[in-house]
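Peer 1: Predicted model follows, preceded by the sequence.
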Amino acid sequence: MNNKLISFFLLFTALFVGAFFYTNTIQAPFISILNSLKISYHNSTEFLQNNIDKHTFQAKQITHLKEQLEKYKSNHLAMQEMASELNDLFKANYSKLQVDPKVELVRTISYEKFGDLNRVWIEMQDYNASKIYGLTYNELVAGIVIEKNSKALGLLNRDIKSTYAVFVGKNKAPGIAHGNNSKNLLVKFIPAWFEINTGDEVTTSGLDNIFFKGLKVGKVLSVITSQGYQNAIIEPYYKANNPEYFYMIRSVK
């Protein structure tokens with residue numbers, strides 16, 4: 001009796017397995033269910049992995065930014081300490097010189113006129129209309145701030161009225177940079193006895209009390225001689241077309 005039951009069970013199992021593997025009608029629902037389970041499993045694991053990766057990336061990015069912030073804070077404090085010591089040194093030697101630069105973040109409001117990309121209204125507090133301020137963007141010279149209608153107007157590098165003192169090349173040839181209402185700038189009144197070459201870097205001289213010494217302006221493209229002076233065509237480093245924020249130099253010293 002037991003042998004018959006066992007034989008019947010084995011035969012039934014063999015027929016069921018055969019039917020399962022070779023009959024689409026029986027296979028279809030099982031495969032559909034398995035595929036649904038697999039898809040759910042893969043979606044769940046992918047979602048979990050993406051969240052883990054996102055969290056890991058954010059954690060690393062936050063850690064990196066914190067490290068950079070601490071580094072900048074440390075450098076800022078070190079520079080403040082150096083400035084304080086220099087001021088003390090000046091006082092000890094009865095010098096009127098002092099080191100106390102003031103730089104702040106300012107926001108642009110709008111263009112002065114539609115179609116003129118070289119002039120922007122600047123939002124700033126405690127505006128002194130009698131002064132000219134320097135504008136920088138990512139440590140590059142971007143232009144100057146002047147007064148117009150008792151408001152702060154930013155003249156970007158390419159504006160023809162944007163002028164400031166510069167040095168050209170390794171020999172620090174002095175000159176005056178200004179815009180030309182084109183993509184390049186002009187540096188005028190460079191003394192003829194200085195050798196100027198294509199590729200020479202142009203930096204601020206700091207002699208105009210607008211910018212610090214050594215801020216990058218651009219590089220020389222060509223040089224021409226006119227009335228005993230040299231004029232240089234400059235390719236500016238600052239070329240942003242969507243100015244939203246600048247760092248403005250309130251005072252150099």
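Peer 2: Received it, and whenever you're ready, just let me know what you need. In this text, all values refer to a predicted model and were calculated from it rather than measured experimentally.

Peer 1: Assumed residue 59 was part of a helix.
Peer 2: Yes: per DSSP: H, G, I helix; E, B strand; the rest coil, residue 59 lies within a helix segment.

Peer 1: sec struct for the nearest residue to residue 224 once chain neighbours are set aside, please.
Peer 2: Spatial nearest neighbour of residue 224, excluding adjacent residues (C-beta to C-beta, 6 or more residues apart in numbering): residue 231 at 5.3 Å. Using the backbone N, CA and C atoms, a C-beta is placed for each residue, glycine as well. Judged by three-state DSSP, the three-state class of residue 231 is strand.

Peer 1: Pretty sure residue 231 sits against residue 185.
Peer 2: No: Residue 231 is not in contact with residue 185 according to C-beta atoms under 8 Å; the separation is 10.9 Å.

Peer 1: And the two? Which one has more around it.
Peer 2: Shown here are residue 231 and residue 185; by other C-beta atoms under 10 Å, residue 185 has more neighbours (24 against 18).

Peer 1: separation between the closest residue to residue 119 other than its chain neighbours and residue 193?
Peer 2: Closest residue in space to residue 119, ignoring its immediate chain neighbours: residue 112 at 4.0 Å, by C-beta to C-beta, 6+ apart. Distance of residue 112 to residue 193, computed by C-beta to C-beta, to the nearest Å: 40 Å.

Peer 1: again with residue 154
Peer 2: 35 Å.

Peer 1: higher neighbour count, those two?
Peer 2: residue 154 (27 against 8).

Peer 1: Just the local confidence number for the more buried one, please.
Peer 2: On pLDDT, residue 154 comes in at 93.

Peer 1: now swap in the one 4 residues further on and tell me
Peer 2: Each residue has a pLDDT score; the one for residue 158 is 92.

Peer 1: In space, what's closest to it - neighbours in sequence excluded?
Peer 2: residue 179 (4.3 Å).

Peer 1: on that earlier part again, for the residue nearest to residue 224, what are its contacts?
Peer 2: Shown in contact with residue 231 (C-beta atoms under 8 Å, 6 or more residues apart in numbering): 186-190, 223-225.

Peer 1: if I read this right, the residue nearest to residue 158 contacts residue 144, doesn't it?
Peer 2: No: look at residue 179 against residue 144 with C-beta under 8 Å: they stay out of range, at 10.0 Å.

Peer 1: quick one: common contacting residues for these two?
Peer 2: With C-beta under 8 Å, 6+ apart as the test, residue 179 and residue 144 both reach 155, 162.

Peer 1: Now stretch 204-222: buried residues?
Peer 2: Residues 204-206, 208, 210-212, 215-220 are the ones in stretch 204-222 that count as buried (16 or more other C-beta atoms under 10 Å).

Peer 1: That should have said stretch 108-127, apologies.
Peer 2: Buried residues in stretch 108-127 (16+ other C-beta under 10 Å): 108, 112, 118-122, 124.

Peer 1: With pLDDT and secondary structure as added columns, please give those in a markdown table.
Peer 2: As requested, these are exported to a markdown table (pLDDT from 0 to 100; DSSP: H, G, I helix; E, B strand; the rest coil):
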| residue | pLDDT | secondary structure |
| --- | --- | --- |
| 108 | 87 | strand |
| 112 | 85 | coil |
| 118 | 90 | coil |
| 119 | 92 | strand |
| 120 | 90 | strand |
| 121 | 90 | strand |
| 122 | 89 | strand |
| 124 | 80 | coil |
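
Peer 1: hang on, the earlier thing: so what's the residue nearest to residue 119 up against?
Peer 2: Per C-beta under 8 Å, 6+ apart, neighbours of residue 112: 119-121, 148, 153.

Peer 1: Surely residue 48 is in a helix?
Peer 2: Yes: assigned with three-state DSSP, residue 48 falls within a helix.

Peer 1: Report the secondary structure state of the closest residue to residue 127 other than its chain neighbours.
Peer 2: Spatial nearest neighbour of residue 127, chain neighbours left out: residue 152 (5.1 Å); criterion: C-beta to C-beta, 6+ apart. Classification of residue 152 using three-state DSSP returns strand.
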